[in-house]
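What follows is a predicted structure for the sequence shown.
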Amino acid sequence: MSIPYSLLPVAGYWIATAVYALLLAFAAYRAPWRPLKDESQLHVFLGTCVLLMPLWLIKTPILPGLDYHYLGATLMTLMFGWRLAIVGMSVLLAAAVLNGNLDWPGYPLNTLVMGAVPVAVSHAILRAVERWLPPNYFIYVFAAAYGGAALAVLGAVLAAVAVLWLSGVYSFAQIADKYFPLVVLLMVPEAFITGIVIALLVAFRPHWVSTFDDNRYLKGR
């Protein structure tokens, strides 16, 4: 879902740059930096970013601007909260630019599409799980991790499709014919990897997952 700079009007990228700058500034200002003063927690955050970087290099091209690779947005959101997840996804996309997978002018728009949108979806699913579903370990893993990751990919796909369609890069028929049939196949690996990792982390390293509360999900069970 990396959108090349050359595909869209320059004005669109300037708008994306302004929106991204405001979002990043807000997320960085309100992010819970204090836990990262603990060296071990800082290593977890930086290590997660480093471990996700190679997964961004493995991608399946479908159409220019419409490809797929593991995002990791739900994993970052559940581990660190949405604000630090925005910062972490920004780091991942900056690494993708340095590796030559993205161009710098397209960085803000791609960070919004592949970072901010799936993080927002993941956060919304987590809040819905916390509010509407019973506090249960398996519900957290299957709904917030598996379900959240799948819907986060769907959100990123729809955002990329909307940008390319509204900009006139592709017709809706082209997108429906070549991309929509593969959406479910894109959601499954994201959900599987994220769900497995979160299940293992909350079982063996629950303090690495900031949104998982032992008292809420495990106490008395």
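Here it is on my side, so go on.

Give me the phi and psi for the most centrally placed residue in the chain.
Centroid-nearest residue in the chain: Ala73, 2.2 Å away (criterion: CA atoms, centre = their mean). With angles defined as degrees, to the nearest 10, Ala73 sits at phi -70, psi -40.

Next, work out how far apart it and Leu93 are.
Remark: distance between Ala73 and Leu93 (CB to CB, to the nearest Å) = 11 Å. In short, each C-beta sits where N, CA and C put it, glycine included.

overlap in contacts of these two?
114-115 (CB atoms under 8 Å, 6 or more residues apart in numbering).

need the helix or strand of the protein with the lowest average pLDDT.
Lowest on mean pLDDT, DSSP states H and E among the helices and strands of the chain sits strand 60-63, with a mean of 65.

which regions of this protein sit below the pLDDT cut-off?
Along the chain, the model assigns pLDDT under 70 to residues 1, 60-67, 219-221.

Let me see the ranges of the helices in it.
When secondary structure is read from DSSP state H, the chain shows helices at 10-30, 39-57, 73-80, 82-98, 107-111, 117-132, 137-139, 148-166, 172-178, 183-204, 214-217.

Number of residues surrounding Arg205?
12 (other CB atoms under 10 Å).

Quick check: chain neighbours aside, which residue is closest to Cys49?
Spatial nearest neighbour of Cys49, chain neighbours left out: Val91 (5.0 Å); criterion: CB to CB, 6 or more residues apart in numbering.

how close does that neighbour get to Pro32?
Remark: distance between Val91 and Pro32 (CB to CB) = 17 Å.

neighbour-wise, which of those two wins?
Ranked by neighbour count (other CB under 10 Å), Val91 and Pro32 place Val91 first, with 19 against 11.

correct me, but the more buried one touches Val50?
No: using CB atoms under 8 Å as the test, Val91 is too far from Val50 to be in contact (9.3 Å).

Buried deepest among the helices of the chain, which one?
Burial of those is given as mean neighbour count (mean count of other CB atoms under 10 Å); helix 73-80 ranks first at a mean of 29.

Show me what that helix is packed against.
helix 39-57, helix 82-98, helix 117-132, helix 148-166, helix 183-204 (3 or more CB pairs under 8 Å, 6 or more residues apart in numbering; DSSP states H and E).

Tell me which of the ones you listed lies nearest to Ala176.
Across these, Ala176 has its closest neighbour in helix 148-166 (9.4 Å, CB to CB).

now the closest one, how far from the centre of its chain.
Centroid displacement of helix 148-166 relative to its chain, using CA atoms, centre = their mean, to the nearest Å, is 11 Å.

do stretch 89-96 as well
Worked out by CA atoms, centre = their mean, stretch 89-96 lies 11 Å from the chain centre.

got the CA coordinates for it in PDB?
The C-alpha trace of stretch 89-96 is given here as PDB (Å, rounded to 0.1, in the frame of the first residue of the first chain):
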ATOM      1  CA  MET A  89       5.200   3.600  12.700                       C
ATOM      2  CA  SER A  90       6.800   6.900  11.700                       C
ATOM      3  CA  VAL A  91      10.200   5.300  12.500                       C
ATOM      4  CA  LEU A  92       9.300   2.200  10.400                       C
ATOM      5  CA  LEU A  93       8.300   4.300   7.400                       C
ATOM      6  CA  ALA A  94      11.400   6.400   7.700                       C
ATOM      7  CA  ALA A  95      13.500   3.200   7.600                       C
ATOM      8  CA  ALA A  96      11.500   2.100   4.500                       C
END
